[in-house]
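S.K.: Based on what follows, work out the 3D shape:
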Amino acid sequence: SLNRIMSECDYILCAAPLTADTEGLFDKEAFDHAKKDSVFINVGRGPIVDEDALIDALKAGNLKGAALDVFAIEPLPVESELWTLDNVLMSPHNMDATPTFLHEATELFVEENLPRFVRGMDLLNPVNKSAGY
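M.R.: Numbers count the residues shown, from 1 in each chain. Model prediction:
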């Protein structure tokens with residue numbers, strides 16, 4: 001269960017898509033079960049995390065810190081308390097901005113998916129609309 005994982009891990013990495021099942025997944029209960037001095041990392045989707053519960057856990061010392069690339073509202077509002085916490089590292093939601101990203105994405109499309117589409121074959125990395133990602 002999530003609570004068991006939270007209680008055992010030194011680092012908790014959320015890279016999940018936002019679906020009806022994941023929205024608000026990391027809530028007060030989850031953070032209450034966090035292992036003392038653990039670090040929470042979110043590179044998935046902002047609304048998966050109850051930011052008020054995260055802030056409370058960080059201020060109370062339930063978590064050692066957090067590294068956040070995504071937020072419930074983007075850009076993160078100026079009045080968010082996350083800006084004031086010394087144990088929070090924030091990045092500007094551009095983790096895919098690598099020197100080779102555009103080349104790799106274009107290469108996948110031109111060399112793999114376009115020929116597959118023309119031949120009526122299954123595409124690589126399709127979106128499952130019913131699953132939400």
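S.K.: ok, which stretches of the protein are strands?
M.R.: 11-14, 38-42, 63-68, 88-90 (DSSP state E).
S.K.: Other residues contacting the last one?
M.R.: To tie it back to what came earlier, the one meant is strand 88-90. Around strand 88-90, the neighbours that count as contacts under C-beta atoms under 8 Å, 6 or more residues apart in numbering are L58, G65, A66, A67, L68, D69, L76, L82, W83. (C-beta placed from N, C-alpha, C; glycine too.)
S.K.: I'd like to know which of those residues are buried.
M.R.: L58, A66, A67, L68, D69, L76, L82 (16 or more other C-beta atoms under 10 Å).
S.K.: With pLDDT and distance to N125 added, can I get the residues you listed in TSV?
M.R.: Converted to TSV, the buried ones among the contacts of strand 88-90 look like this (pLDDT from 0 to 100; distance: C-beta to C-beta, whole Å):
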residue	pLDDT	distance to N125
L58	98	35
A66	98	29
A67	98	26
L68	97	25
D69	95	21
L76	95	29
L82	98	32
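S.K.: Could I get the contacting residues of K64?
M.R.: D37, S38, V39, N87.
S.K.: Check the spacing between it and A97 real quick.
M.R.: For K64, the distance to A97 (C-beta to C-beta, to the nearest Å) stands at 28 Å.
S.K.: which helix in the protein runs the most residues?
M.R.: helix 51-60 (DSSP state H).
S.K.: chain center to that one: distance?
M.R.: 17 Å (C-alpha atoms, centre = their mean, to the nearest Å).
S.K.: Check which residues of that helix are buried.
M.R.: E51, A53, L54, I55, D56, A57, L58.
S.K.: Ramachandran angles for the residue nearest the centre of the chain?
M.R.: Against the mean C-alpha coordinate of the chain, by C-alpha atoms, centre = their mean, the closest residue is G44 at 1.9 Å. When read as degrees, to the nearest 10, the backbone of G44 gives phi -90, psi -100.
S.K.: Might one say that it is in contact with F71?
M.R.: No - look at G44 against F71 with C-beta atoms under 8 Å: they stay out of range, at 11.3 Å.
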